[in-house]
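>>> one predicted model, sequence on top.
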Amino acid sequence: MASVTLRKLKASDLKYFSKWWRDKELIRLTSGNLKKLSDLEARRYFMSMLENEKSWQYMIQSGRKTVGHITLAARKAGWYETQIVIGEKKYWGRGIGSIAIKKLLALAGKNKISKIYLEVRPDNLRAVNTYKDCGFVAKKNKKYLNNKNLPKVLVMAWQKGRK
Ligand SMILES: CC(C)(COP(=O)(O)OP(=O)(O)OC[C@H]1O[C@@H](n2cnc3c(N)ncnc32)[C@H](O)[C@@H]1OP(=O)(O)O)[C@@H](O)C(=O)NCCC(=O)NCCS
């Protein structure tokens, strides 16, 4: 398998998000918001990621091919939230997601960050299995009463040293 690396997000990456954010299969596994996304909105969301100084934004590379995106964002009380998407679907199930998360966790560790959690759709079993594989454990179910696209998530937290 080609080597998996993380590289910093850059301005020319907008093209990937323009595609992934409109992919219905990806949307159903993530935000659930199937509302049509204009180019202007896509650019606005992308710029807010690029300029966000409270989060790490990395693109996931498989060899030279850019296949996904992974983030680590500062939240409350010293906690950090991670999110991942392998947008290029033919790269699913090849171990790339697990490797990317483990690389992010290693970077976090170097920066003395260990309170890391994520939120996932409880029925997104590929994602839940990947997270377990990387040392995350299920903590609680959380309801978003005002979000009909994503009413319930499973919160998982990293148990350092588990993997
Ligand atoms: C979820 C995601 C990041 C996982 O990355 P990946 O590279 O596809 O996953 P991996 O190849 O590392 O495999 C992870 C595990 O899932 C398991 N798996 C693969 N396909 C599966 C499926 N259809 N159902 C259940 N488990 C599955 C694998 O067996 C593996 O577990 P194992 O190591 O214990 O055998 C990636 O598939 C993705 O981005 N999916 C679409 C968007 C998404 O769901 N993002 C997460 C939102 S919270």
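Noted; the coordinates are in hand.
>>> adjacent strands (with direction) for the longest strand anywhere in the chain?
Using DSSP state E, we find that the single longest strand of the chain is strand 65-74. Taking DSSP bridges as the criterion, strand 65-74 sits next to strand 55-62 (antiparallel), strand 80-86 (antiparallel) in its sheet.
>>> which ones are touching the residue of the chain found nearest the ligand?
As assessed by CB to the nearest ligand atom, the ligand sits closest to Gly97 within the chain, at 2.0 Å. All C-beta atoms are positioned from the backbone trio N, CA, C, and that covers glycine. Shown in contact with Gly97 (CB atoms under 8 Å, 6 or more residues apart in numbering): 68, 84, 86, 127, 130.
>>> next one: Leu14
By CB under 8 Å, 6+ apart, the neighbours of Leu14 are 42-43, 46.
>>> Leu118 too?
81-83, 131, 136, 155-156.
>>> save the strands paired with strand 65-74 as JSON lines, and put in mean neighbour count and distance to Glu119 too.
As requested, the strands paired with strand 65-74 are exported to JSON lines (neighbours: other CB atoms under 10 Å; distance: least, CB to CB, whole Å):
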{"stretch": "strand 55-62", "mean neighbour count": "20", "distance to Glu119": "15"}
{"stretch": "strand 80-86", "mean neighbour count": "20", "distance to Glu119": "7"}
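>>> thanks a lot, see you next time.
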